[in-house]
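Colleague: No letters, just coordinates:
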């Protein structure tokens, strides 16, 4: 059961409201506020030339050396305007937040929720199909009404993967997430999760696969 303890924490973090995002995010960035770019702190990059709105496509452009996150185990793009959490929660390898996103309802404003993606590492010797019920059971232990849907098989940069969506409601907010369980190079898997709200889900339909396709497990 110890090996699943971190997973329980991870699922709680993903789907239960996050009150402390802003306390961990950097302030040396350009923030999109009321249709205009506002400087916070001393950004290392120039003022964006793209329009300022909640369309995530404008943040896909990679600039300077901040556009890619590279570790000993994997690499993935860091979209312009998104913030890498310097101290992610226990069990999470990487968490990246869209700090430019503006909450679009009162409930998300109260908790200052921002869409984000996270990566987690798991030791797993069995087939990916065997892991799905484990994930589902842990998810339902957090929220019994959680839903897993749209399950598909595929690949992420030649790594075997399984894709699906999840839904859960917390604090009067309907959250939705895309999950990719990616086979590693040894007896392990990597879990990529993109978390947002149902109201913003359609905005990220093109963004999610573009980010996921930059995820590369090192040989």
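Modeller: Noted; the coordinates are in hand. Predicted model only: the values in this text are computed from it and were never measured. Numbering: from 1, shown residues only.
Colleague: low pLDDT regions in the protein?
Modeller: By pLDDT under 70, the low-scoring segments of the chain are 1-66, 87-88, 90, 219.
Colleague: all strands of it, in order?
Modeller: 29-33, 36-40, 68-70, 74-77, 82-84, 94-98, 116-123, 147-156, 159-170, 173-183, 188-197, 216-217 (DSSP state E).
Colleague: Which among the ones you listed is found nearest to residue 110?
Modeller: Evaluated over the strands of the chain, closeness to residue 110 peaks at strand 173-183, with 9.2 Å, by Cβ to Cβ. The C-beta positions use only the backbone N, C-alpha and C, and glycine is treated the same way.
Colleague: list the contacts for residue 189?
Modeller: 121, 122, 124, 128, 131, 181, 182, 183 (Cβ atoms under 8 Å, 6 or more residues apart in numbering).
Colleague: picking that back up, of all the strands of the chain, which lies closest to residue 109?
Modeller: Closest approach to residue 109 among those is made by strand 173-183 (10.5 Å; Cβ to Cβ).
Colleague: Just checking: what are the partner strands of that closest one?
Modeller: Within its sheet, strand 173-183 is paired with strand 159-170 (antiparallel), strand 188-197 (antiparallel), according to DSSP bridges.
Colleague: For the last one, buried residues please.
Modeller: If I follow you right, that is strand 188-197. By 16 or more other Cβ atoms under 10 Å, the buried positions in strand 188-197 come out as 189, 190, 191, 192, 193, 194, 195, 196, 197.
Colleague: Stretch 133-145 now?
Modeller: 135, 136, 138, 139, 142, 143.
Colleague: can you check stretch 93-101 too?
Modeller: 94, 95, 96, 97, 98, 99, 100, 101.
Colleague: if we can go back for a sec, using a markdown table, please lay out the strands paired with strand 173-183 together with distance to residue 68.
Modeller: Output for those, formatted as a markdown table (distance: least, Cβ to Cβ, whole Å):
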| stretch | distance to residue 68 |
| --- | --- |
| strand 159-170 | 18 |
| strand 188-197 | 16 |
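Colleague: out of those strands, which comes closest to residue 72?
Modeller: strand 188-197 (13.3 Å).
Colleague: Contacts only, for the closest residue to residue 143 other than its chain neighbours.
Modeller: Excluding the flanking residues, the one nearest residue 143 by Cβ to Cβ, 6 or more residues apart in numbering is residue 168, at 4.8 Å. By Cβ under 8 Å, 6+ apart, the contact list for residue 168 reads 15, 139, 142, 143, 145, 146, 147, 174, 175, 177.
Colleague: before we move on, the earlier item: which one of the buried residues of strand 188-197 sits closest to residue 73?
Modeller: residue 190 (8.3 Å).
Colleague: how close does the closest one get to residue 86?
Modeller: Residue 190 sits 21 Å away from residue 86, going by Cβ to Cβ, to the nearest Å.
Colleague: and what of residue 143?
Modeller: Distance, residue 143 to residue 86, using Cβ to Cβ: 28 Å.
Colleague: same deal with residue 127?
Modeller: The value you get for residue 127 to residue 86, if Cβ to Cβ is used, is 35 Å.
Colleague: show me what contacts the closest residue to residue 104 other than its chain neighbours?
Modeller: By the measure of Cβ to Cβ, 6+ apart, the closest residue to residue 104 outside its immediate chain neighbours is residue 199, 5.9 Å from it. Listed by Cβ under 8 Å, 6+ apart, the contact set of residue 199 reads 104, 105, 174.
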